[in-house]
Each structure stands twice: as structure tokens, then as C-alpha cells.
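1. below are the sequence and a predicted model for it; my questions follow.
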Amino acid sequence: MTIKSTIETMLRPYPPLFRLASTAYHRLRGGMRSLNPDTVDALARAFELAQREDAVASSAEPFGDYYEFGLFRGYTLFKAYEIAARLGLEEARFYGFDSFQGLPAATGPDAGDARFFEGQFACSRGEVERHLASAGMSMARTRLVEGFFEASLTADLKASLPRRKARIVLVDCDYYTSTRTVLHWLGNLVGPGTVLLFDDWDSYDLEPGLGQPKAFEEFLEAQPTLRAEALGPYPRHGASFVLREGA
Ligand SMILES: C[S@@+](CC[C@H](N)C(=O)[O-])C[C@H]1O[C@@H](n2cnc3c(N)ncnc32)[C@H](O)[C@@H]1O
């Protein structure tokens, strides 16, 4: 356990104190930095796997695009761009989705848990754009979509996209409800060969009926032609999967 997570565990029973400390911590530690450095390694493994599978299959299809739901300061979005550049994936596009106001109010099964709170991880769109620009990310193949997913992930938005396959998807939005909305919206943008990373897979200690596992289970139930092959957990709370054809 890190010092940070020990302090978090100590403060969680006192929500106002936890909120204050968390907000002050993120404000003091400015800049574009990771909440979880292990996500970057998991992303690299995901891109490498997908590229290897295309090479083995001698696929003539384009690689597909990168989707990230939950950007905070833009760090993992930039890292995905950097990894793709290193691997020579020059045609991949990068879609980043966030409220830019932090987490929404917790509802449904997410309510009543002190781990997360409304407004947590807020970072304005302007600030994220500045971080990405100063890191050297080209915006020519990048699109940021602003808003709470429940309002921003619309059929019109989907129709406005080139409808290429979502090849690597990072779902880093903490809540079951947000994850459910994201997966439902993605629908047929994902398919066999898509790698999905859930950064909050066991944020709720894998308690049945909570968190990202519940949302993914429901998604798979609604997609009888797809199954998920586990690629394994990654620290601190993540897990990744590749979608395959078949029940
Ligand atoms: C843990 S942070 C993302 C961290 C980022 N991927 C990184 O590693 O640097 C979670 C983000 O999800 C966003 N988020 C969560 N639920 C959302 C929703 N329903 N609509 C829009 N944004 C949401 C929050 O605004 C926050 O920026």
C-alpha cells in the first residue's frame, strides 16, 4: 500500500475531509501526470497485442481508433498517442471523452460509497488541451468530446464519426453507471479484436453488483455474438480483455 492510499483509506470515513484533502492534493500536484502509471504499461501491451494479431492475420483492414472515456488531465490519452506513434500506427485517431467537470453525482448502485465524489478529478477542457499541446500531441487526428456521457454520447455523435472500429478502448470513469453508458453507446463500434481496458475493474473490491464488472457483464449479455478473453489484471485496479467472436 502506498502512503497516498493509506491516507485515503484513513480519510474515507470522513467524507468532507476526504473531499478537501483529495481536491487540495490534485490542485497542488498540477501538470499532466498519471493517476496510475501502470495504465500506461497496460496500454502499451494492448496496442502491441492488437498490432501483432493484425500481422499474424495479414490483415488488410486499418488498425482502428483509440477511445478513452475519462481523461482527467489528459495523461493516458497522450500516452496512447505516444505508444501508437512508436509502433508506427500513423492512421489511428484518438477520441477523448470527459465532462471536464469531474465525476457526476453518484446514482443507483454507485451512490452511498465514499470512494468517489461529485466533481472529483475536475480539469477544464482548456487545461487538458494545453497539456496535450505542450506534450506535443497533434490535434489533427484527435477529437475531444465534452459533456457528461449520459448527455454527450448520442446517436448523432456516433453518426458524425467515421465509424472505424474502436480498436483500443480505455474506460477510466470509475462508476458502474458511467461505464454502462459508455459500453451501451459504443455498441457496434467494438467487435472481435477490440481491446478493452477497465481502469477501475476492482475499485469496489469485486463486490457483486457493483462497478465496472457489472457493466461489462451486462454488455456481454446483450452481445451474444461476442465473448471476452481476459488479458489479466493490472495494478492498481485495472483489468483488460480482448473481444472475440462467439458465445
Ligand atoms: C480517474 S479520472 C481519468 C484518469 C485518466 N484516464 C488518467 O489516467 O490520467 C476519471 C475521469 O472520468 C470522468 N468521468 C467519469 N464519469 C463521467 C461521466 N459520466 N461523464 C463524463 N465524464 C466522466 C471524470 O471527469 C474524470 O476526468
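-> Thanks, I have the structure now.

2. check which helix or strand D174 maps to.
-> D174 belongs to no helix or strand when assigned by DSSP states H and E.

3. same check, this time on the one 10 residues further on
-> Per DSSP H and E: H184 is located in helix 176-186.

4. for that helix, C-alpha coordinates in CSV please.
-> What follows is helix 176-186, C-alpha atoms only, in CSV (Å, rounded to 0.1, in the frame of the first residue of the first chain):
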residue,chain,number,x,y,z
TYR,A,176,-20.8,1.5,-12.9
THR,A,177,-23.4,3.9,-14.4
SER,A,178,-20.8,5.8,-16.5
THR,A,179,-19.3,2.5,-17.7
ARG,A,180,-22.7,1.2,-18.6
THR,A,181,-23.5,4.3,-20.6
VAL,A,182,-20.1,4.1,-22.4
LEU,A,183,-20.5,0.4,-23.4
HIS,A,184,-24.0,0.8,-24.5
TRP,A,185,-23.1,3.8,-26.7
LEU,A,186,-20.0,2.0,-28.2
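
5. neighbouring contacts of that helix?
-> Residues outside helix 176-186 that contact it (CB atoms under 8 Å, 6 or more residues apart in numbering): 67, 69-70, 97, 103-104, 106-110, 149-150, 153, 158, 166, 169, 171, 173, 198, 200, 210-212, 214-216, 218-219. For every residue, glycine as well, the C-beta is placed using N, CA and C.

6. in it, what's buried?
-> By 16 or more other CB atoms under 10 Å, the buried positions in helix 176-186 come out as 176-183, 185-186.

7. roughly how far is that helix from the heart of the chain?
-> 11 Å (CA atoms, centre = their mean, to the nearest Å).

8. quick one: pLDDT of the closest residue to the ligand within the chain?
-> Of all residues in the chain, G70 sits closest to the ligand, at 2.8 Å by CB to the nearest ligand atom. We note a pLDDT of 98 for G70 in this prediction.

9. what about it, distance to V169?
-> 11 Å (CB to CB, to the nearest Å).

10. show me what from this structure comes close to the ligand.
-> Residues of the chain found near the ligand (CB under 6 Å from any ligand atom) are 34-36, 39, 70-73, 75-76, 98-99, 102-104, 121, 148-149, 172-175, 178.

11. mind checking which of those residues are buried?
-> 36, 39, 70-73, 75-76, 98-99, 102-104, 121, 148-149, 172-175, 178.

12. residue contacts, G108?
-> By CB under 8 Å, 6+ apart, the residues touching G108 are 176-177.

13. go on, E229?
-> 241-244.

14. make it 10 Å
-> By CB atoms under 10 Å, 6 or more residues apart in numbering, the contact list for E229 reads 195, 240-244.

15. the protein: helices as residue ranges?
-> Along the chain, counting by DSSP state H, helices occupy 3-11, 15-28, 37-56, 75-86, 125-135, 149-152, 155-159, 176-186, 211-221.

16. what residues of the shortest one count as buried?
-> In this case it means helix 149-152. By 16+ other CB under 10 Å, the buried positions in helix 149-152 come out as F149.

17. which residues touch that helix?
-> 69-70, 97-99, 104, 107, 145-146, 173, 175, 177-182, 184-185.

18. low-confidence ranges in this protein?
-> The model of the chain has pLDDT under 70 over residues 1.
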